[in-house]
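Trainee: Pasted the sequence and its predicted model underneath.
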Amino acid sequence: MVSISHWTLEKYTLQGDGQWNEDALIVNENAKIYGVVDGATSLSPYRNKEGMTGGYLAAQLAAAFFGQADGQELEKIAVQANTRLREVMEAEGVDVLDASALWSAAYVIVKVNPYSIDYIQSGDCMLLCKYRGGAVRALTHTQVAHIDRLTLNRMAELRAAGVEDPHELRRLLLPLLQDNRRKANTLEGYGVMNGSPEFPLFLEKGTFNRANVENLYLITDGLYSGAESWESLLDNMEAKGLNGYTDELYTREQEDAMLLAVPRLKVSDDKTGMVLRFV
């Protein structure tokens, strides 16, 4: 752990099955801004000259903006990063009017103040708080849960029809995945940083006080795959450590390569977590 004034920081990121780790960590000690970012590759085959995916580039852009910020409100930084992402996509020839072609990034980011904590969130990254005494509070919710449920229901139908190969399942699900992307930053969908001018309208944000806060957990969705509850997830993370829990989850997923034990779209997603422990 790295010692910081009044709290300690534990962080870890583990690449999943993709060519790039599209997750990113934010550690801005000067501004006391911390976060995790989960980039999502567009459904078009874009790669830059280094072979980087749109999801990787979106995550790195968001991490850079918040990592270099100094004294600004989180919401203002978010708007600036989103605007810059649109400019970069346009410069790269991305059709920014096609929602399924946009690079995007979900994230949860906090700013620690002397008596309170500010946060912003998009997509399905989660912010969980554990208080002295053991109470667990979810400050955010998984905005894409209803979208994921539709996709997994369709996957179950395809399996019932005899389709078992994960690659074939993904191919058949592509039209639904494209439709899901078109719901980004709409009332039928979810908020996510993708360069859309509507993104600021769907950015989740808030402030809560630090009274009796023991730990804060910032996690990308790859870390809570198959979790029964937030309480059980945090118990496992505390018992095994962030690194140990993450590595064990990855191993279990690799052993479930046919996606049967825990229904999901890929064997192992990128996994990133951060724990702030107040002392």
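Mentor: Happy to help now that I have it.
Trainee: so where's the longest helix in this protein?
Mentor: helix 230-255 (DSSP state H).
Trainee: So for that one, what gets flagged as buried?
Mentor: W230, L233, L234, N236, M237, L242, Y245, T246, L249, Y250, E253 (16 or more other C-beta atoms under 10 Å). Backbone N, C-alpha and C define where each C-beta goes, glycine included.
Trainee: I figured the first one hits L139, correct?
Mentor: No: between W230 and L139 there is no contact, the gap being 10.7 Å when judged by C-beta atoms under 8 Å.
Trainee: overlap in contacts of those two?
Mentor: Jointly contacting W230 and L139 under the rule C-beta atoms under 8 Å, 6 or more residues apart in numbering are L128.
Trainee: Tell me how many other residues crowd the residue nearest to S42 when sequence neighbours are not counted.
Mentor: Leaving aside its chain neighbours, S42 sits nearest to G54 (4.5 Å; criterion: C-beta to C-beta, 6 or more residues apart in numbering). Residues near G54, counting by other C-beta atoms under 10 Å, number 29.
Trainee: G54: what's it in contact with?
Mentor: G54 is in contact with G39, T41, S42, Y46, M89, V94, L102, W103, S104, counting by C-beta under 8 Å, 6+ apart.
Trainee: redo that, cut-off 7 Å
Mentor: T41, S42, Y46, W103 (C-beta atoms under 7 Å, 6 or more residues apart in numbering).
Trainee: Kindly report the same for A106.
Mentor: D38, A40, S122, G123, D124, C125, V192.
Trainee: repeat that with 10 Å
Mentor: Listed by C-beta atoms under 10 Å, 6 or more residues apart in numbering, the contact partners of A106 are 23, 36-40, 58-59, 62, 121-126, 142-144, 190-194, 220-221.
Trainee: Next, work out how far apart the residue nearest to S42 and L61 are.
Mentor: Distance, G54 to L61, by C-beta to C-beta, to the nearest Å: 10 Å.
Trainee: Just give the closest residue to F208, not the sequence neighbours.
Mentor: Closest to F208 by C-beta to C-beta, 6+ apart is I117, at 5.8 Å.
Trainee: and what of D269?
Mentor: The shortest distance from D269 to any non-neighbouring residue, by C-beta to C-beta, 6+ apart, is to G222 (3.5 Å).
Trainee: lowest-confidence helix or strand of this protein?
Mentor: Averaged element by element with mean pLDDT, DSSP states H and E, the chain has its least confident helix or strand at strand 2-4 (a mean of 46).
Trainee: after that one, next one along is what?
Mentor: Sequence-wise, the next helix or strand downstream of strand 2-4 (DSSP states H and E) is strand 7-14.
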